[in-house]
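Quick one, fold the following:
(2 chains)
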2 protein chains.
Amino acid sequence: MNHVDVVVVGAGLAGLSAARRLSQAGKMVAVLEARDRVGGRNHGLTFSNGVPIEMGGQWVGPTQDAVLALIDELGLKTYPSYDTGQAITYYDGTAHRYSDETFGLADDDLLEVGRIWATMSSLAETVDLPTPWTTTGAADLDRQTFDQRLVSETTNDVARRFFRLVVPALFSAESHELSLLHFLFYLKSGTSLEVLLSTTGGAQQTRVVGGTHQISERLAAELGDAVHLNTVVTNITQTSDGAIVAFDGGEISADHVVVAIPQTLAGRLRYSPPLPADRDALTQQFPAGSVIKVNIAYPTPFWREDGLNGLVMSLDDSFNVVLDNSPHDDSCGVLVGFLEGRHARAAARLTAQERRDLVLGDLTKYFGERAADPLEILELNWNAEEFTRGCYGGRLGAGVWTNYGEAVAAPVGRIHWAGAETSDVWNGYMDGAVRSGHRAAGEILGGDR
Amino acid sequence: MNHVDVVVVGAGLAGLSAARRLSQAGKMVAVLEARDRVGGRNHGLTFSNGVPIEMGGQWVGPTQDAVLALIDELGLKTYPSYDTGQAITYYDGTAHRYSDETFGLADDDLLEVGRIWATMSSLAETVDLPTPWTTTGAADLDRQTFDQRLVSETTNDVARRFFRLVVPALFSAESHELSLLHFLFYLKSGTSLEVLLSTTGGAQQTRVVGGTHQISERLAAELGDAVHLNTVVTNITQTSDGAIVAFDGGEISADHVVVAIPQTLAGRLRYSPPLPADRDALTQQFPAGSVIKVNIAYPTPFWREDGLNGLVMSLDDSFNVVLDNSPHDDSCGVLVGFLEGRHARAAARLTAQERRDLVLGDLTKYFGERAADPLEILELNWNAEEFTRGCYGGRLGAGVWTNYGEAVAAPVGRIHWAGAETSDVWNGYMDGAVRSGHRAAGEILGGDR
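Predicted structure coming up:
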């Protein structure tokens, strides 16, 4: 049996970042990846016209210092997301254009949205970021769903619909599928609700020329033969002096293991000795969101001519979050949009043609008839991906943070956990993934010193 | 490779019931069981004095016709649970004794408990039992947690505490960990809240002489060589003309497969082709409850001398649901109690001695000093059991029934799902397990006709 210092399970950003950090410190690593590609939730495709497009995580932004540094170190170039002109909030059958902080809402609705926004922002400030379960009032914040709090906060219909859109836009989950504490944690982890929802100045500010999957590809290239594709890990056995990682067709021993796959999938490996009850229970209730990402290519970004920046949020429709996703050279126009939460689940049951009709129908409402005639559509249902099983990431429902929060990132013997969901900073984002990989590597390297 | 008509994964009541029905219909079956014993969540131990005692599911009751018939067919004897004398509701530092339907509550508290009880009972009647997601108002009932509804129903402190005890007593989960729709479904599935909570006339009415694990043992004896212990299934591959079930050390082919293990664990097998997204997502969010079951043996059932039937519900304490669990011949006295939900999670972090002190301290409050000096204590933390990972069963949080309910029992190609959580009648109970096995067998037999 081969032996390495550290086996890393999963060649997404978290696993590869851990492997690189460990390798740089002189450790011999083996990265075992189930898929035939690296990158995990970063995945690039190419339109027929040759334009590369991201089917998974794609944006980076200010304060995401870990991933920004990595992008720079790897020699990748960035460019600003298109953000000139007016955005649209579509509701009650009308496209409300805006270019300020009003979201195009009527005054009384905006007042209510603003009040709730401020309340949530104040509450989010109180979260103990590395240990949300120790937040003042954590039990109360965690026993209620976000939706429960929303309903008790306001009877304003537009305000409720607004936040019932914002939650899926961030989590690919409905507002009752996560606890208030999880929502607040996520806000603080990503700085603030404003930052999370913003393009310029926020989480959607910056793109990578050619696509974010190149980050993982370049990391893997650096690691060379240490990365093993098509290697489905099944068992992790801890012994008195090490660990044995079994995969389809073989096994490899190591001093430490970094498990850098989504928490649900981590729970599906078999461990010997079995994992502690709390860790196992966490993996029973860390479901991923539901999302189908759709990129639609047009000959030109025609909406710009109409003074629109491409951003749409619709309170009426299924394909309800849309952004300009055109390449850096504007060689064609691309809109990207998301079917999230219940809309993803419903749309997944449609035929491809029915989904196309749905997407183009909604886009035509937002942007006019030119939207009905794309060059090409590329879609990806992340819930159908065997080795991801949902994006954007895992979220915690009522009660989970306070009961099992300590198990999210705590090592179990020689096993260390990485992945965007294990990071306290930029949880759920590429930056969090990179940070989690570095943290896991640090746990191992620190232990040797 | 060996071939059988049907491979059954899991030798609990569901799997064995399916196997027996199939075998009786002339099918060749193989039952693959990960443990070194059959019975799953039924498990018998023996006190040092030779008295057998159930560490898992133990009671049966009226309308549980499937399991009652099976017990009879297998030649097992039953006897009534001890139910003579007064019960205790312990709260605010006092043991309130009662022998009527008052639960020992003060009039104003009882009035409020009764009102909520009636409201829930009426709502439960509206549930579409085989298809809860089609219940009138299902979306609204499912987007709220039971606790959310409770808080909006009453500000009465005792009433809230009462229902926040009842929910863990039924689900081993806290009132915010399941949706209102799931609570209502469970009530109707088990007839009514009154039936679920009652001894005589209810779900705790009857016991099996020698223990319920004998049901599975006798089923397994009938099946003989068809039952394979210590066989951990890892993969199920469906092909154009059958299925291949792989386990540690081998594989076996079959025309059909019945997966009769808890839904979370079913999600941890690897399937080829991968399961549909909805089925997979369901297994990501079907967590089992948290429970440590504790049996405490005494020389005699001394509480009976004091006019007590042994039933305690405490609104103050951790070890808060206790019943008389003495053997049919009263050869010693046994109390059984449960640490459920948050109390189970907290108690699991204690040492065995600390847990003993906790249990005996609570029992002494309820029954006096004689409770402090048992012959022996046997405890089982079901969440630490690798091949169960929680009891009493899986429950569905806010939003899951309406989004994924159809996936609970729907076959996927040649794979059929069994287990207590897949039954619409007596869901979560032994009776539901047996029914689910018969239903799965029927799906296969029906398909051949």
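
Quick check: pLDDT value at the most centrally placed residue in chain A.
Centroid-nearest residue in chain A: A:Tyr392, 3.4 Å away (criterion: Cα atoms, centre = their mean). Confidence at A:Tyr392, expressed as pLDDT, is 96.

what sits against it?
A:Arg41, A:Gly57, A:Leu170, A:Phe171, A:Ser172, A:Gly289, A:Val291, A:Gly428 (Cβ atoms under 8 Å, 6 or more residues apart in numbering or on different chains). C-beta here means a position set from N, CA and C on the backbone, and glycine is covered the same way.

go on, A:Ala173?
By Cβ under 8 Å, 6+ apart, A:Ala173 lies in contact with A:Val167, A:Gly289, A:Ser290, A:Glu340, A:Gly341, A:Arg395.

Report the beta-bridge partners for A:Val336.
Bridge pairing for A:Val336 (DSSP bridges) gives the partners A:Asn295, A:Leu323.

can you tell me the average pLDDT over stretch A:52-65?
For stretch A:52-65, mean pLDDT rounds to 98.

does that stretch come close to chain B?
No - with Cβ under 8 Å from any Cβ of the partner chain as the criterion, chain B is not reached by stretch A:52-65; the gap is at least 15.9 Å.

got the contacts of A:Tyr392 as JSON lines, with distance to A:Leu275 and neighbour count columns?
Listed next are the contacts of A:Tyr392 as JSON lines, based on distance: Cβ to Cβ, whole Å; neighbours: other Cβ atoms under 10 Å in any protein chain shown:
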{"residue": "A:Arg41", "distance to A:Leu275": "24", "neighbour count": "27"}
{"residue": "A:Gly57", "distance to A:Leu275": "28", "neighbour count": "26"}
{"residue": "A:Leu170", "distance to A:Leu275": "29", "neighbour count": "23"}
{"residue": "A:Phe171", "distance to A:Leu275": "26", "neighbour count": "26"}
{"residue": "A:Ser172", "distance to A:Leu275": "27", "neighbour count": "28"}
{"residue": "A:Gly289", "distance to A:Leu275": "24", "neighbour count": "25"}
{"residue": "A:Val291", "distance to A:Leu275": "28", "neighbour count": "28"}
{"residue": "A:Gly428", "distance to A:Leu275": "23", "neighbour count": "26"}
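
From the residues you listed, which land in strands?
Counting by DSSP state E, the contacts of A:Tyr392 place A:Val291 in strands.

hang on, the earlier thing: show me the contacts of A:Ala173 that map onto helices.
Taking DSSP state H, the ones among those that sit in helices are A:Val167.

wait, which of the contacts of A:Ala173 is closest to chain B?
A:Ser290 (6.9 Å; Cβ to the nearest Cβ).

The closest one - how many residues pack around it?
30 (other Cβ atoms under 10 Å in any protein chain shown).

That one touches B:Asp280, doesn't it?
No - taking Cβ atoms under 8 Å as the definition, A:Ser290 is not a contact partner of B:Asp280, at 11.0 Å.

Overlap in contacts, those two.
Joint contacts of A:Ser290 and B:Asp280 (Cβ under 8 Å, 6+ apart) are A:Asn383.

hey, where'd the strands end up in the stretch 1-150 of chain A?
Assigned by DSSP state E, counting those that start in this stretch, the stretch 1-150 of chain A shows strands spanning A:2-9, A:29-32, A:44-46, A:52-54, A:78-80, A:86-91, A:94-98.

So which of the contacts of A:Ala173 would count as near chain B as well?
Applying Cβ under 8 Å from any Cβ, the subset of those adjacent to chain B comprises A:Ser290.

got the contacts of A:Ala173 as a markdown table, with pLDDT columns?
Output for those, formatted as a markdown table (pLDDT from 0 to 100):
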| residue | pLDDT |
| --- | --- |
| A:Val167 | 98 |
| A:Gly289 | 98 |
| A:Ser290 | 98 |
| A:Glu340 | 98 |
| A:Gly341 | 97 |
| A:Arg395 | 97 |
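
and the next element down the chain from the helix or strand containing A:Phe338?
Per DSSP states H and E: A:Phe338 is located in strand A:333-340. Per DSSP H and E, the first helix or strand lying C-terminal to strand A:333-340 is helix A:342-348.

Chain A against chain B: which residues are in contact?
A:143-145, A:147-148, A:174, A:176-177, A:232, A:234, A:264, A:267-268, A:270, A:274, A:276-278, A:280-281, A:284-288, A:290, A:342, A:345, A:348, A:381, A:383-384, A:386, A:389-390, A:397-399, A:403.

Among the residues you listed, name the buried ones.
The neighbour-count test (16 or more other Cβ atoms under 10 Å in any protein chain shown) marks A:143-145, A:147-148, A:174, A:176-177, A:232, A:234, A:264, A:267-268, A:270, A:276-278, A:280-281, A:284-288, A:290, A:342, A:345, A:348, A:381, A:383-384, A:386, A:389-390, A:397-399, A:403 as buried among those.

which residues are contacting stretch A:142-154?
The contact list for stretch A:142-154, computed with Cβ under 8 Å, 6+ apart, reads A:112, A:115-116, A:119, A:133, A:160, A:163-164, A:167, A:174-183, A:397-402, B:143-145, B:147-148, B:174, B:176, B:398.

which pair in the contacts of A:Tyr392 spans the largest distance?
Pairwise distances across those (Cβ to Cβ) peak at 15.1 Å, for the pair A:Arg41 and A:Leu170.
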